[in-house]
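K.L.:
sequence first, then the predicted structure, then my questions.
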Amino acid sequence: MSHAIFEERKDQIFEKVGDEPFRISCDKQSLAGAVSQRACTFCGSRVVLYPIADALHLVHGPIGCASYTWDIRGALSSGPELHRYSFCTDLGETDVIFGGERKLARALDELIPRHRPQAAFVYSTCMVGLIGDDLEAACRKAEEKHGIPVIPVMSEGFKGSKRAGYYAACKALFTLVGTGDTDGTPPMSVNLLGDFNLAGEIWIIREYLERMGVSVVANVTGDGRVADLRRAHGAALNLVQCSGSTMELAKMMQEAYGTPFMRVSYLGVDDMAQALYDVAEFFKSQEAMERAKELVRREVADIYPRLMELRKDLQGKRAALYVGGAFKAFSLIKSFRLLGMKVMLAGSQTGTQEDYQELASICEPGTVIVDDANPLELMKYLIEKDVDVFVGGVKERPIAYKLGIGFCDHNHERKLALEGFVGMLNFAEEIHATAMSPVWRFMPRKARPALKVAA
Amino acid sequence: MKTNLAEKRDYVSSTNACKACMPLGACIAFKGIEGCVPFLHGSQGCATYMRRYLISHFREPLDIASSSLGEKEAVFGGGPNLKLGLVNVINKYQAKAVGIATTCLTETIGDNVPAIIKEFMAEACLEGSRGEMPTLIHAATPSYAATHMEGFHAAVAATVKQMTEPVARHGGVNIFPGLVTPADIRHLREIASGFGIAAAVLPDYARTLDAPASSEYQILPQGGLPLSVIRKMGGASASLAFGWTPDSQRAGQDLHDRCGVFLHGLGMPIGLRQSDALFSALEEISQRDTPERHSLERGRLLDAMADGHKYLASKRAVVYGEQDLVIGLASFLAEIGVQPVLCASGGNTPGFAERIEQVTEGLVREPVTALAGVDFYAIAQLAGEMQPDLMVGNSKGYRLSRELDAPLVRVGFPIHDRFGGPRLHHLGYLGAQELFDRLVNALISKKQNDSSVGYGYI
């Protein structure tokens, strides 16, 4: 176990002991052979654009890239559900030799008339980057032919980490922004960036904003629509959650259209309330502020008694979290604090130097901070820190369960809304359900084996 | 019907694939070797995507290493990263073997993996710092060439080819079961041991992919076919290989050709007749009668077939999945009076339709439409016209089953929307029994739910 850390990765892990200066190395290519929990550039683009429900998402590449991303996120739509199909050019051996452009053109000719999407995103994969298909030219031709935007997403898997894919997705999104009519956009209006409507969360946030008198122009990209993206530049403000994935788009919009942006988080009571207050503050609207305060009062009053009940059981328990982007980690630490729990391990796949700096500043001594971890490191700290609940995604789940530790899915596959005030209560219920289960008492780590096993 | 079909399939795009890619299958197969870490030579995403896909089915930690190639390596070659990755995996996992599968990236740039491995071994020996070197197995699995099924067989065939040679006869028997569940593998081992046969099941992920709770996180889960056993497969008295596709027979054929191990090429032992063929082969190999335990299983299966036949009579089923699984299921469904109206596979091997016709001959009332190399778009279009009563296949057909209001009996891989997929049985009389009960119950449940009566007896 003492060998769990690769020499090359030592500077990507930081254990906060006291007030020592913070240092961590991050934003690096994953170490070969280290079983990183990270995905690739293609994955980054695919997850960001995925929830645009009236667009055709065509993977130009071999079948695996499409199969593994079919219906991968529980991103809900209030209308069309074209995003839940998995389209692919299914490149074969002959395409490697002769190129895939003709197949791509034909696939678009088949799929666009069949599904009548508002736009098409064509994702480049490793293979396409290598065989040298001119994706941009192919898309341009299809666009002329079919009269809808056909947007190349330059997401060759090997180009970098997931973060590079976020950037490619933002560039693709930006080609749509500014192409629609902004007439009639209310002055107090925002775009929601970086929420993917997993378990219907964007609807919760929109409802809060509407109660304050703030309109939402475009969801980027949960429950997303092409027409809304086209007129997104009409909004007065961009609210950016999950800063890793859509911050670049916010920056591009600020530069091109002067749209200011604000970083927010909808996770946890403090951050959710702060987000609403910040919006009211931005619009300098006394009325919106009053409404926000009233909203927070009511919502918190609704959930508080039950939260405190749950806290009684959870007080003093120890948590670990490993998430995609670091922004989520900040809110989770605060949420755990509200539940009386201590965070012993906080890590992310794609955090930046500033993210980790901030993370370190809000963590208590004894917390381990890790960038781009792998199963060996995660299990080392889960055991060493005697953790009760681990928060992560599907790949982290079996690590927790095999060790006899509770788990909460905070990633693509969750079916439970975790944002907003109601989301905080759901989160607390989920943590309670897993941490307090009687099953852990019988696990080998806690109990002696009941049977004598013959050698 | 023929023209109609041709018209509908006249497209190149894939919509909702009924297949995954080759390296995924290779990773599953490599998990069936003791102390082996699957290693994908390609970009980081492949390993992560496949881990997620596999974990959602097996609910087990599934460490798959990657050479994590970036843009630079895609241009200049992935050799150095492959070597560095191997060093890291061998050191951290104390791996006894590493199963290296290529991806579309490294196949397209033309990395010569066997040569890189050779270099690596030579360099490692020169350093002389390490003790015993692990076994390095490599399989060529370009994602674009075929499906996860062919990738699985490619890894098994590569293991046999690279690790075996003619050795002294030892009377053991090799079993190449194909892509079956951990529960199926356990059952196969029990069947063989009942005949007094020492069976080497390759791959054997019965424990590695369905591991008990443990007090310590095991870096590498226990289980898998030991390397020492694999090395002796060339001395077995016979091999059994399940499946009708040529790929399913490759490892067994290779052992036959190089080491003279007699090959019993069987179909997937699903249902009565195919299981009979398995037990006959075991009787022949062991020169023993089938143990009473299994003849009783067979008797109970027949009894259940009589008790339950009317629930199934003339029901129409859509069956899809890997080629050999679908053929085996079609064979069984025909035996129990269910009409397989459509048999479909994302894999594309010649002779699929002919084989379906052969295994259902004389038992079905109408010809079976069998399609290889199709996606769920094609399956949905055809299934819609065929008014099926039920579907049999993996989780990926769930949405279609919902649209058609035809219950889905989940079998095979992947099962992402139900619990316990790895513990399902498909093979032998026991597997047929379990499958039979589930098929009948799916139809009873549908009838009960569709009726306003609230039947308590049915």
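P.N.:
Perfect, I can see it now. Given the structure is predicted, the values throughout are model-derived calculations rather than measurements.

K.L.:
residue numbers of the stretch 351-455 of chain A in contact with chain B?
P.N.:
Near chain B, the residues belonging to the stretch 351-455 of chain A are A:375-376, A:379, A:382-383, A:393-395, A:397-399, A:401-404, A:413, A:443-445 when assessed by CB under 8 Å from any CB of the partner chain. In short, each C-beta sits where N, CA and C put it, glycine included.

K.L.:
now those residues: which count as buried?
P.N.:
Buried members of those, scored by 16 or more other CB atoms under 10 Å in any protein chain shown, are A:375-376, A:379, A:382-383, A:393-395, A:397-399, A:401-404, A:413, A:443.

K.L.:
domain assignment for the chain?
P.N.:
You didn't say which chain, so I picked chain A. According to automatic domain parsing, chain A is divided into the following domains: A:7-24+A:315-414, A:41-175, A:189-293.

K.L.:
wrong chain, I was asking about chain B
P.N.:
Structurally, chain B divides into domains by automatic domain parsing as follows: B:22-160, B:173-212+B:221-291, B:293-450.

K.L.:
could you dump these to TSV with mean pLDDT?
P.N.:
Shown next, in TSV, are the domains of chain B (pLDDT from 0 to 100):
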stretch	mean pLDDT
domain B:22-160	92
domain B:173-212+B:221-291	98
domain B:293-450	97
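
K.L.:
sorry, back to before: B:Met391 is nearest to which of the domains of chain A?
P.N.:
Checking those against B:Met391 by CB to CB gives domain A:41-175 as the closest, at 17.5 Å.

K.L.:
any idea of the mean pLDDT in the closest one?
P.N.:
Average pLDDT, domain A:41-175: 95.

K.L.:
and residue 52, how many neighbours?
P.N.:
Went with chain A since none was named. The local packing of A:Ile52 (other CB atoms under 10 Å in any protein chain shown) involves 30 other residues.

K.L.:
wait, chain B
P.N.:
With neighbours defined by other CB under 10 Å, the count for B:Arg52 comes to 21.

K.L.:
doesn't it fall inside a strand?
P.N.:
No - secondary structure of B:Arg52, determined by DSSP: H, G, I helix; E, B strand; the rest coil: helix, with no strand assignment.

K.L.:
would you list the domains of chain A in JSON lines and tack on distance to B:Gly110?
P.N.:
Output for the domains of chain A, formatted as JSON lines (distance: least, CB to CB, whole Å):
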{"stretch": "domain A:7-24+A:315-414", "distance to B:Gly110": "28"}
{"stretch": "domain A:41-175", "distance to B:Gly110": "10"}
{"stretch": "domain A:189-293", "distance to B:Gly110": "34"}
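
K.L.:
near B:His187, how many other residues are there?
P.N.:
Per other CB under 10 Å, the neighbour tally for B:His187 reads 21.

K.L.:
then B:Thr141?
P.N.:
Burial measure for B:Thr141: 32 neighbouring residues, criterion other CB under 10 Å.

K.L.:
spatially nearest residue to it (excluding sequence neighbours)?
P.N.:
Distances taken as CB to CB, 6 or more residues apart in numbering or on different chains place B:Met22 nearest to B:Thr141, at 3.8 Å, with adjacent residues excluded.

K.L.:
what does the stretch 51-200 of chain A put close to chain B?
P.N.:
When proximity is defined as CB under 8 Å from any CB, the stretch 51-200 of chain A approaches chain B at A:58, A:61-70, A:85-93, A:95-96, A:103, A:106-107, A:110-111, A:125-127, A:129-131, A:157-161.

K.L.:
repeat that with 7 Å
P.N.:
Residues of the stretch 51-200 of chain A found near chain B, taking CB under 7 Å from any CB of the partner chain as the criterion, are A:62-64, A:66-68, A:70, A:85-93, A:96, A:103, A:106-107, A:110-111, A:126-127, A:130-131, A:157-160.

K.L.:
and for the residue in chain A positioned nearest to chain B, the neighbour number?
P.N.:
For chain A, the residue closest to chain B is A:Cys40, as judged by CB to the nearest CB, at 2.5 Å. Burial of A:Cys40, expressed as a neighbour count using other CB under 10 Å, amounts to 35.

K.L.:
give me the element the residue nearest to it when sequence neighbours are not counted is part of.
P.N.:
Of all residues beyond its chain neighbours, the one nearest A:Cys40 is B:Gly45 (2.5 Å), with distances taken as CB to CB, 6+ apart. Remark: B:Gly45 resides in helix B:44-58, with elements defined by DSSP states H and E.

K.L.:
from B:Ala380, how far off is the residue nearest to A:Lys317 when sequence neighbours are not counted?
P.N.:
Counting by CB to CB, 6+ apart, the nearest residue to A:Lys317 once its immediate chain neighbours are dropped is A:Asp388, at 4.3 Å. Applying CB to CB, to the nearest Å, one obtains 45 Å for the distance of A:Asp388 from B:Ala380.

K.L.:
more crowded one of those two?
P.N.:
A:Asp388 (22 against 17).

K.L.:
count the neighbours of A:Ser361 for me.
P.N.:
10.

K.L.:
any idea how far it lies from B:Leu363?
P.N.:
72 Å.

K.L.:
same check on B:Val392?
P.N.:
From B:Val392 over to B:Leu363 (counting by CB to CB), the distance is 16 Å.

K.L.:
same thing with B:His187?
P.N.:
Taken as CB to CB, the span from B:His187 to B:Leu363 is 25 Å.

K.L.:
before we move on, what about A:Gly268?
P.N.:
For A:Gly268, the distance to B:Leu363 under the criterion CB to CB works out to 61 Å.

K.L.:
can you check A:Thr89 too?
P.N.:
40 Å.

K.L.:
looking at these two, which is more packed in?
P.N.:
A direct count of neighbours by other CB under 10 Å for A:Thr89 and B:Leu363 places A:Thr89 higher, at 31 against 17.

K.L.:
surely the more buried one touches A:Gly100?
P.N.:
Yes - here A:Thr89 reaches A:Gly100: they are 6.0 Å apart, a contact under CB atoms under 7 Å.

K.L.:
intersection of neighbour lists for the two?
P.N.:
A:His60 (CB atoms under 7 Å, 6 or more residues apart in numbering or on different chains).

K.L.:
so of the residues of the stretch 351-455 of chain A next to chain B, which ones are in helices?
P.N.:
Of the positions in these, A:Pro375, A:Leu376, A:Met379, A:Leu382, A:Ile383, A:Arg397, A:Pro398, A:Ile399, A:Tyr401, A:Lys402 sit in helices, assigned by DSSP state H.

K.L.:
who touches B:Val87 in this structure?
P.N.:
Neighbour list for B:Val87: A:Gly33 [criterion: CB under 7 Å, 6+ apart].

K.L.:
show me where the stretch 51-200 of chain B has helices.
P.N.:
Counting by DSSP state H, counting those that start in this stretch, the stretch 51-200 of chain B has helices at residues B:71-76, B:79-93, B:104-109, B:113-127, B:148-163, B:182-194.

K.L.:
do the same with the stretch 301-450 of chain B
P.N.:
B:323-335, B:352-360, B:376-386, B:398-404, B:428-450.

K.L.:
what does the stretch 101-250 of chain A give?
P.N.:
Secondary structure of the stretch 101-250 of chain A, counting by DSSP H, counting those that start in this stretch: helices at A:101-115, A:126-131, A:135-146, A:162-176, A:201-212, A:226-230, A:243-257.

K.L.:
can you give me the neighbour number for the residue nearest to B:Thr141?
P.N.:
For B:Met22, the tally of surrounding residues (other CB under 10 Å) stands at 33.

K.L.:
that one contacts B:Ala145, doesn't it?
P.N.:
Yes - proximity of B:Met22 to B:Ala145 meets the contact threshold set by CB under 7 Å, at 6.2 Å.
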